[in-house]
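Peer 1: this one's structure only:
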């Protein structure tokens, strides 16, 4: 089931003064879209969770895991495809926020022979929007989460997925696009706590990354507290070029049970956020 949500974009189009009303299709509950490289026609809604019933290959390559984390700005910039091709080279896992699943991205996945899972948070102009995990390896399982923005009522999304590692452990990966438009932190806190609770029983390595919309001290302190409760460390960058708002970086990568070997932020015109590239090694 879907519900039509007409939103007058006074906030999003404030500078233009257009006040345009756009109809969004919003699912009644979180849903996943799956595109599996072995099944080219499988781009379809698959319910709240995905479970892999086939033999599962490890996501790392000989104990190495290279990850791209990027808010891709709905692929609105003309050079997004060439940039994504460049930054995704030699990456075993790509975590996108603000992905908009249309024909161009679909074709790119086919060309790159990659699989993707996207949280179908809402759709507009016949494109599904939400966070997306892209990889050459399918996860063991994954579940979609959404949280409604208090002001504009559109959902923000998160994806919790589990991947096999070559050392026979399971890597939990959280890809988040956090609530943005709120005066207090109640809705923001509820979204993060729900995801932290989903990880509370996981004993193996964890990667928690994405666009946290951490634009004030209250939000940053809450994030640090929740990550500390999960024994997570934050990735630090030699040259920090992450997107900032009110002098606070918005994008973060936290990890546990992995060895950080390299981290850098690339400067690009292909989005309003700069992509983060991190590399990890598995402990022996």
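Peer 2: Here it is on my side, so go on. In this text the structure is predicted, and so the values were computed from the model without any measurement.
Peer 1: check contacts around residue 171.
Peer 2: By C-beta atoms under 8 Å, 6 or more residues apart in numbering, the contact list for residue 171 reads 59, 65, 162-165, 204-207. For glycine as for every other residue, the C-beta is placed from the backbone atoms N, C-alpha and C.
Peer 1: That one should be in a helix, yeah?
Peer 2: No - secondary structure assignment (DSSP: H, G, I helix; E, B strand; the rest coil) places residue 171 in strand, not in a helix.
Peer 1: and the residue most central in space within the chain, bridged to which residues?
Peer 2: In the chain, the residue lying closest to the centroid (C-alpha atoms, centre = their mean) is residue 175, at 3.5 Å. For residue 175, the beta-bridge partners under DSSP bridges are residue 159, residue 209.
Peer 1: wouldn't it be in contact with residue 131 here?
Peer 2: Yes - the pair residue 175 and residue 131 passes the contact test of C-beta atoms under 8 Å, sitting 4.6 Å apart.
Peer 1: burial of the nearest residue to residue 233 once chain neighbours are set aside, as a residue count?
Peer 2: If the residues on either side of it in the chain are set aside, residue 233 comes closest to residue 255, at 5.9 Å by C-beta to C-beta, 6 or more residues apart in numbering. Residue 255 has 22 neighbours, counted by other C-beta atoms under 10 Å.
Peer 1: what separates residue 255 from residue 199, distance-wise?
Peer 2: 12 Å (C-beta to C-beta, to the nearest Å).
Peer 1: Need the overlap of contacts for the two.
Peer 2: Common neighbours of residue 255 and residue 199 (C-beta under 8 Å, 6+ apart) are 206, 208.
Peer 1: picking that back up, got any residues that touch both of residue 175 and residue 131?
Peer 2: Shared contacts of residue 175 and residue 131, counting by C-beta under 8 Å, 6+ apart, come down to 95-97, 158-159, 210.
Peer 1: Include neighbour count, pLDDT and distance to residue 146 when you put the residues you listed into a markdown table, please.
Peer 2: A markdown table is the format used below for the shared contacts of residue 175 and residue 131 (neighbours: other C-beta atoms under 10 Å; pLDDT from 0 to 100; distance: C-beta to C-beta, whole Å):
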| residue | neighbour count | pLDDT | distance to residue 146 |
| --- | --- | --- | --- |
| 95 | 28 | 99 | 17 |
| 96 | 28 | 98 | 16 |
| 97 | 29 | 98 | 13 |
| 158 | 27 | 98 | 8 |
| 159 | 27 | 98 | 10 |
| 210 | 26 | 98 | 14 |
